[in-house]
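A.B. asks: Output the structure for:
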Amino acid sequence: MNKPTLYILLLSCFLSSQPRVNSNEAGLSEKRLKNLEILMNGLVDEGKIAGFQSAIMRKGVLGHYNTYGYADIDNKILLKDDNIFRIYSMTKPIVSIALMMLHEEGKFLLNDPLHKYIPEMKNLKVYKPIFADGIFESTLGSIWPLNKICIKRKVKNPILIIDLLRHTSGLGYGWGPNSYVDRKYKKAKILNQKNNKEFIKIISDLPLYHEPGSGWRYSVSTDVCGYLIEVLSGQKLDKFLSDRVFKPLDMVDTHFQLPKNKVDRFSTNYINNVPKKYRWLLGKSFNPEGKLIAIDPIDSSQFSRKVDFLSGGGGLLSTTKDYLQFCQMILNKGIHNKIRFLSPKTIELITQDHLKYLPYKGGPIKLPNNGTGFGLGFSITKNIAEKQLLSSAGSHGWGGAAGTFFIIDPKENLICILMIQLMDFDDLKISERFQTMVYQSIID
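C.D. replies: From the prediction side, this is the model:
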């Protein structure tokens, strides 16, 4: 991809009005913020990402807002300041907060068994390999017929609602080695269901990866939270979120399904790196130059079609502006624009590390790990020396599958958000590099 020319960049200024920023008032160095722009602009100019949007709010002041690159490369559509992005797993904090609003209304207790409200989740089975877990998964898991030898037994303890919020339910995603449960998840196509109730029916028939409450594994637990909201509130998830979260927070561009009148503000999603072991499926000539390849173009996106399954774990679209509103409410201890969403004590509970005595139990995302734990819907930074990344103890946030990322830091009175659309971003270490550039810009 060629560098956006000066003409294109000037044109982009006329296509959208950038929000007013004041880096000095926010306690950010304008000179040091250039390091952030150089880093991120460089990734666009080198063809590593199509475009990006970054925002930093500190002390309630927008100290940085930058939009650069393309919403769609092939059609030369520039990214605008109000572009809409797939936020995928950044849906999870929103749905977790929504569920805790019902907790404050006395609809449930955190240690209630899930089956009290969703009976389908009562008689669950847990997977138990014949061989020791570690050996089976890493060494024998791909050897047929050894990968079919396992025991399914009834769980000793039920899934508690808190297990959903902190990802200790024993559910998963079907990501991992060629194990029995992974294959079951893939065969069930768990996220391709007609609606949330059908999703629960499918997931309740699958074996758990481990005993509920015994360890952390990233999972579809927040999708179950989405259905639990429907059961407890009597509303569909999209309606509940709209009434109780999006409208009060003025999150006017956050949707499960892209409205037709907003298609011109949507961004294409890309991929540029497929693991070598899968490339044979795509042919020897697949992407030899490492160019960005569109995988969900604007004009034919799955999000522009009728969306029936409202994924509480990854189904939302949003904008930087909207997500800033959500984060500001969390940073303000549950209040925004004089509207109280949650009490300060509930925010305190949500942002505590809930994995102190719980180990990592598998899957591609490893927590607790490197000074990081997990609260109720958010990752929690516990120890910055162990994390080896500029941050503050107590900061919390999460990211999405297409590279979106946010941090809320109460100590620094800081929110930072990064929006990109790239599915295979791990090698670029974008979130870590972005975070470093944000924190090095703080000068008071």
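A.B. asks: how about the helices in the stretch 101-250 of the chain?
C.D. replies: Secondary structure of the stretch 101-250 of the chain, counting by DSSP state H, counting those that start in this stretch: helices at 133-135, 161-166, 180-188, 196-204, 221-233, 237-241.
A.B. asks: which stretch among those helices comes nearest Asn413?
C.D. replies: helix 161-166 (25.6 Å; C-beta to C-beta). Placement of C-beta: from N, CA and C, glycine included.
A.B. asks: helices or strands next to that closest one in the packing?
C.D. replies: Under the contact criterion of 3 or more C-beta pairs under 8 Å, 6 or more residues apart in numbering; DSSP states H and E, helix 161-166 touches helix 91-104, helix 221-233.
A.B. asks: Apply 10 Å and report the result again.
C.D. replies: Counting contacts by 3 or more C-beta pairs under 10 Å, 6 or more residues apart in numbering; DSSP states H and E, helix 161-166 is packed against helix 91-104, helix 221-233, strand 372-374.
A.B. asks: for the record, mean pLDDT for stretch 106-113?
C.D. replies: Rounded to a whole number, the mean pLDDT of stretch 106-113 is 98.
A.B. asks: Sort out which residues of it are buried, please.
C.D. replies: Buried positions in stretch 106-113, judged by neighbour count with 16 or more other C-beta atoms under 10 Å: Lys107, Phe108, Leu110, Pro113.
A.B. asks: The closest residue to the second one other than its chain neighbours: how many residues sit nearby?
C.D. replies: Leaving aside its sequence neighbours, Phe108 sits nearest to Ile161 (C-beta to C-beta, 6 or more residues apart in numbering; 5.8 Å). Applying other C-beta atoms under 10 Å, we find 24 residues neighbouring Ile161.
A.B. asks: Give me the pLDDT for Ile161.
C.D. replies: For Ile161, the pLDDT comes out at 98.
A.B. asks: same thing with Asn272?
C.D. replies: 82.
A.B. asks: cool, and Pro364?
C.D. replies: Note on Pro364: pLDDT of 88.
A.B. asks: Centroid-nearest residue for the protein?
C.D. replies: Of all residues in the chain, the one closest to the mean position by C-alpha atoms, centre = their mean is Ser89, 2.2 Å from it.
A.B. asks: Am I right that it is in contact with Gly397?
C.D. replies: No - between Ser89 and Gly397 no contact is recorded; they are 11.2 Å apart, counting by C-beta atoms under 10 Å.
A.B. asks: contacting residues around Glu211?
C.D. replies: The neighbours of Glu211, taking C-beta atoms under 10 Å, 6 or more residues apart in numbering as the test, are Val126, Lys128, Val155, Lys156, Asn157, Ile159, Thr168, Ser169, Gly170, Lys361.
A.B. asks: The fifth one - how many residues pack around it?
C.D. replies: It refers to Asn157. For Asn157, the tally of surrounding residues (other C-beta under 10 Å) stands at 13.
A.B. asks: show me what contacts the nearest residue to it once chain neighbours are set aside?
C.D. replies: Closest residue in space to Asn157, ignoring its immediate chain neighbours: Pro212 at 5.5 Å, by C-beta to C-beta, 6+ apart. When contacts are counted by C-beta under 10 Å, 6+ apart, Pro212 is found next to 113-114, 124, 126, 155-160, 163-164, 168-171.
A.B. asks: what about 8 Å?
C.D. replies: Contacts for Pro212 (C-beta atoms under 8 Å, 6 or more residues apart in numbering) come out as Val155, Asn157, Pro158, Ile159, Leu160, Asp163, Thr168, Ser169, Gly170.
A.B. asks: what sits opposite the spatially closest residue to the third one that is not a sequence neighbour in the beta ladder?
C.D. replies: Spatial nearest neighbour of Pro158, chain neighbours left out: Pro113 (3.9 Å); criterion: C-beta to C-beta, 6+ apart. For Pro113, the beta-bridge partners are Leu160 (DSSP bridges).
A.B. asks: how far away is Pro113 from Asp205?
C.D. replies: 18 Å (C-beta to C-beta, to the nearest Å).
A.B. asks: Same question for Glu25.
C.D. replies: The spacing between Glu25 and Asp205, counted by C-beta to C-beta, is 55 Å.
A.B. asks: With Pro93 instead?
C.D. replies: In this structure, Pro93 and Asp205 are 28 Å apart, going by C-beta to C-beta.
A.B. asks: Given the strand or helix carrying Asn66, what are its sheet partners and their directions?
C.D. replies: For Asn66, the enclosing helix or strand under DSSP states H and E is strand 61-72. On the basis of DSSP bridges, the sheet neighbours of strand 61-72 come out as strand 51-58 (antiparallel), strand 77-78 (antiparallel).
A.B. asks: Report the contact partners of Gly375.
C.D. replies: The neighbours of Gly375, taking C-beta under 8 Å, 6+ apart as the test, are Arg166, Ile350, Thr351, Gln352, Asp353, His354, His396.
A.B. asks: where exactly do the strands run in the stretch 301-444 of the chain?
C.D. replies: Secondary structure of the stretch 301-444 of the chain, counting by DSSP state E, counting those that start in this stretch: strands at 317-318, 335-336, 339-340, 372-374, 379-381, 396-399, 405-409, 414-419.
A.B. asks: which one of those lies closest to Arg58?
C.D. replies: With distances scored as C-beta to C-beta, the stretch of these nearest to Arg58 is strand 414-419 (4.8 Å).
A.B. asks: Could you list the low-pLDDT ranges of this protein?
C.D. replies: The chain contains residues with pLDDT under 70 at 1-18, 129-151, 178, 273-290.
A.B. asks: Go through it and flag its longest helix.
C.D. replies: Longest among the helix segments of the chain by residue count, using DSSP state H, is helix 30-45.
A.B. asks: Report the separation between the nearest residue to Glu104 once chain neighbours are set aside and Met100.
C.D. replies: Nearest in space to Glu104, with sequence neighbours left out and distances taken as C-beta to C-beta, 6+ apart, is Thr346 at 6.0 Å. In this structure, Thr346 lies at 6 Å from Met100, with C-beta to C-beta as the measure.
A.B. asks: neighbour-wise, which of these two wins?
C.D. replies: Neighbours around Thr346 and Met100, counted as other C-beta under 10 Å, are more numerous at Met100. The numbers are 23 against 18.
A.B. asks: just checking, that one touches Thr351?
C.D. replies: No - checked against C-beta atoms under 8 Å, the pair Met100 and Thr351 is beyond contact range at 11.2 Å.
A.B. asks: Please say which of Pro93 and Asp205 ends up with more neighbours.
C.D. replies: Here Pro93 and Asp205 are set side by side on neighbour count (other C-beta under 10 Å), and the busier one is Pro93, at 26 against 12.
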